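Enquirer: With the input below, show me the fold.
(one chain, ligands or ions: 1)
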Amino acid sequence: MPDATEPRSPIGTSPEWEALRAHHAEVAPRHLRDLLVEPGRLEAMTLDLPGIHADLSKHRATPDTLRLLAEVAERAGLRERIDAMFRGDAINTTEGRSVLHVALRAPRGEVIRVDGRDVVADVHEVLDRMRDAARRIRDGEWRGATGQPIRAIVNIGIGGSDLGPAMVVEALRTRTDPDRIHRFVSNVDGADIDWALRDLDPATTLFIVASKTFTTVETLTNARTARRWLVDALGEDAVARHFLALSTNEAEVVEFGIEPANMFGFWDWVGGRYSVGSAIGLSVMLAIGPDGFDELLAGFRAVDEHLRDAPFERNLPVLMGLLGVWYVNLFGASSHAVLPYAQELSRFPAYLQQLEMESNGKSVTLDGQRVGWSTGPVVWGEPGTNGQHAFFQLLHQGTVLVPADFIGVVEPNHPLGHHHDLLVANLLAQTEALAAGRTAAAVRAEGVPEALVPHKVFEGNRPTTTLLCDRLDPRTLGSLIALYEHKVLTQSVVWGINAFDQWGVELGKALATRIGPELDPASTVDPDAAHDPSTAALVRRYRSRTRPDAH
Ligand SMILES: O=P(O)(O)OC[C@H]1O[C@H](O)[C@H](O)[C@@H](O)[C@@H]1O
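Expert: Numbering: from 1, shown residues only. Presented below is the predicted three-dimensional model:
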């Protein structure tokens, strides 16, 4: 059996890649205007998952491309890697960890073992405790220190302990109780927590301190500030009724002053950016209820099963990943836009920025060699139609190729049907315009003065994926997230990199810890001895401030 962790990117070295490269030379000069009308294309390049219709036909690719890309994925060992992930093998080799976010949504009774222990049973034990707490808090059975029910829930976390729950609560806000406030505090910038707490009443506020490690400086700083705010108003004893912790690190949770009974655990085989289905999703469960959370997990699970069972040529997350490789490595694309035509998904691009860029922003292979090819692109986006009045100019007429995902819904979560028709008309119009463009002949035929013709030409041939969801409900959202999670896995395997570590965030953290004390006006450290001239001058400038320090 091949070693599933063995690094073997097929890029540049395999017959499958050579075949793909030769095929690219044929396809790249062709225009989407012509490709789109080829018979059989729509059937071959669209897929249906429960609740999500995916149209890949507006790609600068043909059904043959998908077949050749699937062969590259086979050669890369994607099949073995998927199996290894589901088995609980330590595919995060640089940290020696299993990668088992799929176990977070495995049905009760399924068995996945890590070091001999059935982790699915552990998952369901925590889910049951979360359900019980969520029910008590939502029903008003859980009382604060003064006997009042909880009215505001403030999640304090950052990165994966913030972006996932914040994005999901926003996406499903129409299912939340309008009488309950949900807030997310992440930034160490005091402006974040200061503003978040300004209009809240400590007696009815519950803090959820979310941190996998429980050592993240930003989160602990915010949590301590929140604790002081609460204790100043209600006294030390109030902490037990107003603070919950979500973490893998019980010792640090206890050290902070939260008792184990108020802690919901998860495990080191859940990556931060893959953790919204774990205890980290507690604020989601509080917002949409335990049944809604079950639906979310069911949506994840549907795509997990699709990843495992569908042939690569008909496997949506695999194809999304492979089409990304196609543009990055053969067309030279260095960015990828995600454009949700659903206001509720306004935080989805930010969520995907961590998921994709922290996972695949790597430049060494699994065995530590410098890669000889490009890896993860810059991921960005804003909800439509706002983006159309801002950066779409560049998408249509700029000099860079930006493949884009357009995400729309058929049934909106509001009664304003005429708004929705207009929104969807825009989504369809944009993808059509990006593909077809507008020729000089068409511009001239409209009587445009010759000098303006070049300015009004749209080259077109700009590729897009359309994901048209039946509606934005917990199940569909779970499926959407899982699609991108597995897209990331697919790309990492082809690129031969580890999608599950994040060493690149460490250096800045370490330097901040060093610089912190130097900013004290009484510091005796000579910045010039400690830093480059630019940083030293900035340290001196900040150190000479006159603001009195209040801690
Ligand atoms: O959940 P925590 O341990 O507090 O970590 C929060 C975040 O910070 C780290 O720096 C990592 O880059 C992220 O992957 C992580 O999600």
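Enquirer: so how far is residue 359 from the residue positioned nearest the centre of the chain?
Expert: If you average the C-alpha coordinates of the chain and look for the closest C-alpha using C-alpha atoms, centre = their mean, you land on residue 352, 2.9 Å from that point. Applying C-beta to C-beta, to the nearest Å, one obtains 10 Å for the distance of residue 352 from residue 359. Backbone N, C-alpha and C define where each C-beta goes, glycine included.
Enquirer: Repeat that for residue 545.
Expert: Look at residue 545 and residue 359: by C-beta to C-beta, they are 39 Å apart.
Enquirer: Check residue 452 too.
Expert: When C-beta to C-beta is the yardstick, residue 452 and residue 359 sit 45 Å from each other.
Enquirer: the more surrounded of those two?
Expert: More crowded of residue 452 and residue 359, by other C-beta atoms under 10 Å: residue 359, with 26 against 10.
Enquirer: if you skip the residues just before and after it, what's nearest to that one?
Expert: Residue nearest to residue 359 in three dimensions, not counting chain neighbours: residue 499, with 4.0 Å by C-beta to C-beta, 6 or more residues apart in numbering.
Enquirer: Next, see if the lengthiest helix in the chain gets close to the ligand.
Expert: As assigned by DSSP state H, the longest helix anywhere in the chain is helix 282-309. No. Helix 282-309 stays clear of the ligand (C-beta under 6 Å from any ligand atom), getting no nearer than 13.2 Å.
Enquirer: That helix: what's the following helix or strand?
Expert: helix 316-325 (DSSP states H and E).
Enquirer: Let me know the angle separating that following helix from helix 282-309.
Expert: On the basis of axes from the mean of the first three to the mean of the last three C-alpha atoms, to 10 degrees, helix 316-325 is oriented at 80 degrees to helix 282-309.
Enquirer: which other helices and strands contact helix 316-325?
Expert: Contacts defined by 3 or more C-beta pairs under 8 Å, 6 or more residues apart in numbering; DSSP states H and E place helix 316-325 against strand 46-49, helix 63-76, helix 282-309, helix 474-495.
Enquirer: domain ranges for this protein?
Expert: 11-90+297-501, 112-288, 505-544 (the TED database).
Enquirer: From the opening residue of the second one to its closing one, how far?
Expert: By that I understand domain 112-288. Start to finish, the residues bounding domain 112-288 are 28 Å apart (C-alpha to C-alpha, to the nearest Å).
Enquirer: average pLDDT across it?
Expert: Here domain 112-288 scores 97 as its mean pLDDT.
Enquirer: Give the full set of residues in contact with the residue nearest to the centre of the chain.
Expert: Contacts for residue 352 were tallied using C-beta atoms under 8 Å, 6 or more residues apart in numbering; they are 338, 379, 381, 484.
Enquirer: Around the third one, how many other residues sit close by?
Expert: Other residues near residue 381 come to 25 when the count uses other C-beta under 10 Å.
Enquirer: Can you verify my assumption that residue 480 contacts residue 470?
Expert: No. With contact defined as C-beta atoms under 8 Å, residue 480 does not count as touching residue 470 (12.0 Å).
Enquirer: Now for these two: what residues contact both?
Expert: Common neighbours of residue 480 and residue 470, using C-beta under 8 Å, 6+ apart, are residue 52.
Enquirer: Looking at those two, which is more packed in?
Expert: residue 480 (25 against 14).
Enquirer: Please list all residues in contact with the more buried one.
Expert: Contacts of residue 480 by C-beta under 8 Å, 6+ apart are 52, 299, 348, 407, 467, 469.
Enquirer: let's go with 10 Å and repeat that
Expert: Taking C-beta atoms under 10 Å, 6 or more residues apart in numbering as the contact definition, residue 480 lies against 49, 51-52, 171, 299-300, 303, 340, 345, 348, 352, 407, 467, 469, 472.
Enquirer: And what about the nearest residue to residue 223 once chain neighbours are set aside, helix, strand or coil?
Expert: Residue nearest to residue 223 in three dimensions, not counting chain neighbours: residue 209, with 4.5 Å by C-beta to C-beta, 6+ apart. Three-state call for residue 209 (DSSP: H, G, I helix; E, B strand; the rest coil): strand.
Enquirer: how close does residue 209 sit to the ligand?
Expert: 9 Å (C-beta to the nearest ligand atom, to the nearest Å).
Enquirer: Give the buried residues for the helix or strand encompassing residue 239.
Expert: Using DSSP H and E, the element containing residue 239 is helix 239-242. By neighbour count with 16 or more other C-beta atoms under 10 Å, helix 239-242 contains the buried residues 239, 241, 242.
Enquirer: how far off helix 282-309 does the very next helix or strand once past it point, in degrees?
Expert: On the C-terminal side of helix 239-242, the closest following helix or strand by DSSP H and E is strand 243-247. Taking the same axes, to 10 degrees, one finds that strand 243-247 is oriented at 20 degrees with respect to helix 282-309.
Enquirer: which outside residues touch the helix or strand following strand 243-247?
Expert: Taking DSSP H and E as the definition, the helix or strand that follows strand 243-247 towards the C-terminus is helix 250-256. Contacting residues not belonging to helix 250-256 are listed as 209, 211, 213-215, 220, 223-224, 227, 239, 243-247, 249, 258-260, 262-265 [C-beta under 10 Å, 6+ apart].
Enquirer: Derive a PyMOL selection command for the buried subset of those.
Expert: Listed next is the PyMOL selection for buried residues among the contacts of helix 250-256, using 16+ other C-beta under 10 Å:
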select buried, resi 209+211+214+220+223+227+239+243+244+245+246+247+249+258+262+263+264+265
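Enquirer: what's near enough to touch residue 514?
Expert: Taking C-beta under 10 Å, 6+ apart as the definition of contact, the neighbours of residue 514 are 525, 530, 531.
Enquirer: Repeat that for residue 107.
Expert: Taking C-beta under 10 Å, 6+ apart as the contact definition, residue 107 lies against 120, 124, 297, 298, 301.
Enquirer: what does the chain have sitting close to the ligand?
Expert: Residues of the chain lying near the ligand by C-beta under 6 Å from any ligand atom: 158-161, 211-213, 216, 219, 272-273, 358, 502, 505.
Enquirer: let's see 5 Å
Expert: 159, 160, 161, 211, 212, 213, 216, 219, 272, 502, 505 (C-beta under 5 Å from any ligand atom).
Enquirer: Where does the stretch 201-350 of the chain get nearest to the ligand, which residue?
Expert: When distances are taken as C-beta to the nearest ligand atom, the stretch 201-350 of the chain reaches nearest to the ligand at residue 272, 2.7 Å away.
Enquirer: now the residue nearest to that residue when sequence neighbours are not counted, what's its secondary structure?
Expert: Using C-beta to C-beta, 6+ apart and skipping residues adjacent in sequence, the residue nearest residue 272 is residue 160, 2.9 Å away. Here residue 160 takes the helix state, with states given by three-state DSSP.
Enquirer: Can you report how many residues neighbour residue 160?
Expert: Applying the criterion other C-beta under 10 Å, we find 25 residues in the vicinity of residue 160.
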